[in-house]
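Novice: predicted model and sequence follow; I will ask about them next.
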Amino acid sequence: MRKVVAGLWAGLWEGVTGPRTITVPCTVEIEQSFDSLHAHAVPEGIMLRPGDRVVVNAAPAGIAYGQSTSYETTATIYRAGPLTRLWTEISAFAELTELYHCGFEPKEYTA
């Protein structure tokens, strides 16, 4: 009986919040050169929300210096629950307000 109730509850919860993990196609761009050092992973066909985690499947360990590459792979999206999304938004706002604090204090001059 408990398993039936737990299964119904899990199904209802997933119906409200959506599936917890989703695998989607992903474009990965990596560059390592004098001008730039970056790696961008762009999941296709899905809107990321605050607190979601993206794990790129079959990502290369690295590329040689002076190269730039782009390839297609898959990514697994781990959806954040409502409380995690709320916490992420609150903590991001708090970190943003820390930026307001620096640079607006008068300098102390020593004579």
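Specialist: Structure's in. What do you need?
Novice: the bottom helix or strand of the protein by mean pLDDT?
Specialist: helix 2-17 (a mean of 62; mean pLDDT, DSSP states H and E).
Novice: tell me how far the residue nearest the centre of the chain lies from Phe34.
Specialist: Geometric centre of the chain, nearest residue: Arg53, 4.5 Å, by C-alpha atoms, centre = their mean. According to C-beta to C-beta, to the nearest Å, Arg53 stands 32 Å off from Phe34. (Each C-beta comes from the backbone N, C-alpha and C, glycine too.)
Novice: what bridges to the residue nearest to the residue nearest to the centre of the chain when sequence neighbours are not counted?
Specialist: Leaving aside its sequence neighbours, Arg53 sits nearest to Tyr78 (C-beta to C-beta, 6 or more residues apart in numbering; 4.3 Å). Residues in a beta bridge with Tyr78, per DSSP bridges, are Thr21, Arg53.
Novice: so who does Tyr78 touch?
Specialist: 20-21, 52-55 (C-beta atoms under 8 Å, 6 or more residues apart in numbering).
Novice: same deal with Leu99?
Specialist: So Leu99 contacts nothing (C-beta under 8 Å, 6+ apart).
Novice: look up how far Phe93 lies from it.
Specialist: 11 Å.
Novice: also Ala64?
Specialist: 41 Å.
Novice: strands of the protein, start to end?
Specialist: Shown for the chain, the strands assigned by DSSP state E span residues 21-32, 37-43, 53-56, 67-78.
Novice: which residue packs closest to Asn77, ignoring adjacent ones?
Specialist: In this structure residue 77 is Ile, not Asn. Ile22 (4.6 Å).
Novice: surely the one you found and Thr76 touch.
Specialist: Yes. Shown here, Ile22 and Thr76 form a contact pair, counting by C-beta atoms under 8 Å, at 7.3 Å.
Novice: what about this protein, any weak spots by pLDDT?
Specialist: 1-19, 101-111 (pLDDT under 70).
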